[in-house]
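> The amino acid sequence is not available; the structure is as follows:
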């Protein structure tokens, strides 16, 4: 039994249990006679101590997490049988490490700050295929009792390297003091000290080749919350970009958004507030298991509840003797934590509640109509982007992505800007997309009310400022993830040094299509988790969709709300797509997806004969409809007696007399008379000259008959 504690109140009692050995086919247990284990068996000689290659056993270990009032049960199956197995329990940072050298390493996320989840389960059998494929090289390990130089043992394959040194027990404290970054533990049977550190290069290989998606997510969570090395984060996402259609990609993007947002909040607020902030996208206190590449389950994690935790309180003498300059000790923190858990069940903020409330508000706005101020703001933004897009020609060049080598210097935290370089033009600026404004407001309101519900009364006054900072962290991390994804493929595109949006008619490339797929998953997860999107991302994402999808598929994306027709994108469509018959058809199909007021503004900007025909038909239909509704003109088109009147009364008699087509002149004069009868209620009188020009152009271009042979 091993008792492990941390100064922050983490208290764990660890012990292991060996099961009866059995044969591989599990038909019956094996009966064996008692034998002497021999003097000083080494934990590294477990392979040689197996008395039969066909006999296997299970190892069960239990972690009594007093601070969580739970017991974690870990079971590793199918190990070669030996009486000499002894698990090593030790801290690795705030992870609890359970290790059997040569077989497995479990890094358990059981600290007091987090609810248990995202455990890293690494086994030799889960990476055997990697070794067989020759992707990794093993620096061998054998039992050694001499004073040979330090060696790397088998456990280095499991992303943890152990270095053996012949030191006395009294030297352990000095070793840990001189190298606080490393983790050391003492083997009292052999008098040896082992130093453990994370092998970053091996961690990347394990991230690529591990069988279970839960292990891959746990490795990413470890890098995001513990190492925070952005070189390493970028390299992991480069591995993800090699299999973009995988269902793991959106889940790992969600883990990035939530874990990095928590890390940003962690540097600014105390533990009481952090208990209410989500730190992972996965479920907590949920069982976990590991499988081999053959599909065999080799380890599992489960939880059970502690019925009672009884910690004696301090005596009155101990409380009065407490030094004022020193804060609470480990026992005080543990008591306060358990008392708080007993009085109020822990509830972290959930992004699912944000999405459900946003959907409810969107339905209410739809029922109320589009008369809200937000819709007017969106229209104004669309108009300004449509007319002012061509003036945005500034461009910053992002450096090409490098391939950093992992060394001792790479263990230091690196700022994301130094890894990713300058942001592309569509990511420059601090504004967010208009469609993200509602989720952002809902998040702020719900998070503020969540803090007021669970914080103490004296801490509720800062709820508004905490919620505001949480929103700022969300905006920052969402933009950072978008920049990271762009950096994976963006510098490889040929139009890196061009304008805000690429030319829509230039040929696309495979790299650009992969970037579109990455951005599609980024958009999906931001909508699912109610994270804000950068302002320029919407236009750039829509432009990528136009360039990489067929027209019919692009229109389906627009109809289902995945791609949004912004003013910047529409200005690019009107400028880049030529007015060929196919181009005119595509423009009409895209513009028809817009609301009527936005579509008419695009028609005015386009100024094509198709647009003129639309406005002419609109004016004529409005004149006829309004006149019919008011019943002020009962004259039908067949009644042409009004043509005998003096046309000098008309304000446009000069234009009508110049119209070379008599039927058109008669119809326009009729429209003028109906318009004059309702002139008092109309702010925009008919433009007769415009109607005549459009009608004659349409007759000339689209009529197949020779109108000169018609007798009028």
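Arrived safely, thanks for sending. Worth saying up front: this structure is predicted, and the values here are computed from it rather than measured. Numbering: from 1, shown residues only.

> what ranges do the helices span in the stretch 401-550 of the chain?
416-420, 437-454, 463-489, 510-529, 535-548 (DSSP state H, counting those that start in this stretch).

> Let me have those helices in JSON lines, adding mean neighbour count as columns.
Glycine gets a C-beta too; all of them are placed from N, C-alpha and C. Listed next are the helices of the stretch 401-550 of the chain as JSON lines, based on neighbours: other C-beta atoms under 10 Å:
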{"stretch": "helix 416-420", "mean neighbour count": "16"}
{"stretch": "helix 437-454", "mean neighbour count": "18"}
{"stretch": "helix 463-489", "mean neighbour count": "20"}
{"stretch": "helix 510-529", "mean neighbour count": "19"}
{"stretch": "helix 535-548", "mean neighbour count": "23"}
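
> so which of the ones you listed gets nearest residue 58?
Among the helices of the stretch 401-550 of the chain, helix 510-529 comes nearest to residue 58, with 38.5 Å by C-beta to C-beta.

> For the closest one, which helices and strands make contact with it?
helix 248-266, helix 351-368, helix 463-489, helix 535-548 (3 or more C-beta pairs under 8 Å, 6 or more residues apart in numbering; DSSP states H and E).

> mean pLDDT for the ones you listed: which is lowest?
Comparing mean pLDDT across the helices and strands packed on helix 510-529, the weakest is helix 351-368, with a mean of 84.

> Name the surrounding residues that touch that one.
Applying C-beta atoms under 8 Å, 6 or more residues apart in numbering, the contact partners of helix 351-368 are 258, 278, 372, 438, 439, 442, 443, 446, 528, 529, 530, 531.

> Report the separation between the closest residue to the fifth one other than its chain neighbours and residue 81.
Looking back up the chat, that one is residue 439. In this structure, residue 439 finds its nearest non-sequential neighbour in residue 530, 4.1 Å apart by C-beta to C-beta, 6 or more residues apart in numbering. Distance check for residue 530 against residue 81: by C-beta to C-beta, to the nearest Å, it reads 52 Å.

> what do you get for residue 507?
63 Å.

> Next: residue 94.
Taken as C-beta to C-beta, the span from residue 94 to residue 81 is 34 Å.

> again, but for residue 439
56 Å.

> go on, residue 254?
42 Å.

> and residue 235, that one's in a strand?
No: assessed with DSSP: H, G, I helix; E, B strand; the rest coil, residue 235 is helix; it does not lie in a strand.

> so it makes contact with residue 204?
Yes: taking C-beta atoms under 8 Å as the definition, residue 235 is a contact partner of residue 204 at 5.8 Å.

> Ramachandran angles for residue 94?
phi -100, psi 10 (degrees, to the nearest 10).

> Setting aside sequence-adjacent positions, which residue approaches it most closely?
residue 111 (4.0 Å).

> Near that neighbour, how many other residues are there?
Counted with other C-beta atoms under 10 Å, residues neighbouring residue 111 total 21.

> Look up phi and psi at it.
Given degrees, to the nearest 10, the pair of backbone angles that residue 111 has is phi -70, psi 170.

> who touches it in this structure?
6, 8, 10, 94, 95.

> Tabulate the residues you listed in JSON lines, adding columns for distance to residue 265, secondary structure and pLDDT.
Output for the contacts of residue 111, formatted as JSON lines (distance: C-beta to C-beta, whole Å; DSSP: H, G, I helix; E, B strand; the rest coil; pLDDT from 0 to 100):
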{"residue": "6", "distance to residue 265": "21", "secondary structure": "coil", "pLDDT": "89"}
{"residue": "8", "distance to residue 265": "17", "secondary structure": "coil", "pLDDT": "85"}
{"residue": "10", "distance to residue 265": "20", "secondary structure": "coil", "pLDDT": "89"}
{"residue": "94", "distance to residue 265": "17", "secondary structure": "coil", "pLDDT": "87"}
{"residue": "95", "distance to residue 265": "21", "secondary structure": "strand", "pLDDT": "91"}
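
> I'd like these written out as JSON lines, with neighbour count added.
Output for those, formatted as JSON lines (neighbours: other C-beta under 10 Å):
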{"residue": "6", "neighbour count": "18"}
{"residue": "8", "neighbour count": "15"}
{"residue": "10", "neighbour count": "23"}
{"residue": "94", "neighbour count": "16"}
{"residue": "95", "neighbour count": "20"}
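
> tell me the two of the residues you listed that are most distant?
Pairwise over these, using C-beta to C-beta, the maximum falls at 8 and 95, 13.5 Å.

> So residue 61: helix, strand or coil?
Classification of residue 61 using three-state DSSP returns strand.

> Residue 245 too?
coil.

> my read: it touches residue 520, true?
No: counting by C-beta under 8 Å, residue 245 stays clear of residue 520, with 10.5 Å between them.

> in this structure, which spans are strands?
2-5, 11-18, 22-23, 55-65, 70-80, 88-92, 95-100, 104-108, 120-123, 160-165, 183-187, 192-198, 288-291, 297-305 (DSSP state E).

> And the ones you listed, which one averages the lowest pLDDT?
Among the strands of the chain, strand 160-165 scores lowest, with a mean of 42.

> Report pLDDT for the closest residue to residue 471 other than its chain neighbours.
Closest residue in space to residue 471, ignoring its immediate chain neighbours: residue 444 at 5.4 Å, by C-beta to C-beta, 6+ apart. Residue 444 carries a pLDDT value of 92.

> ok, residue 444 - contacts?
The neighbourhood of residue 444, defined by C-beta under 8 Å, 6+ apart, consists of 467, 468, 470, 471.

> Quick one: residues contacting the first one.
It refers to residue 467. 444, 447, 448, 451 are the contacts of residue 467 under C-beta under 8 Å, 6+ apart.

> could you redo the residues you listed as a markdown table and give each row distance to residue 225?
As requested, the contacts of residue 467 are exported to a markdown table (distance: C-beta to C-beta, whole Å):
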| residue | distance to residue 225 |
| --- | --- |
| 444 | 24 |
| 447 | 20 |
| 448 | 25 |
| 451 | 22 |
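
> mind giving me a markdown table with the helices of the stretch 401-550 of the chain and columns for distance to residue 592?
Shown next, in a markdown table, are those (distance: least, C-beta to C-beta, whole Å):
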| stretch | distance to residue 592 |
| --- | --- |
| helix 416-420 | 39 |
| helix 437-454 | 26 |
| helix 463-489 | 30 |
| helix 510-529 | 23 |
| helix 535-548 | 15 |
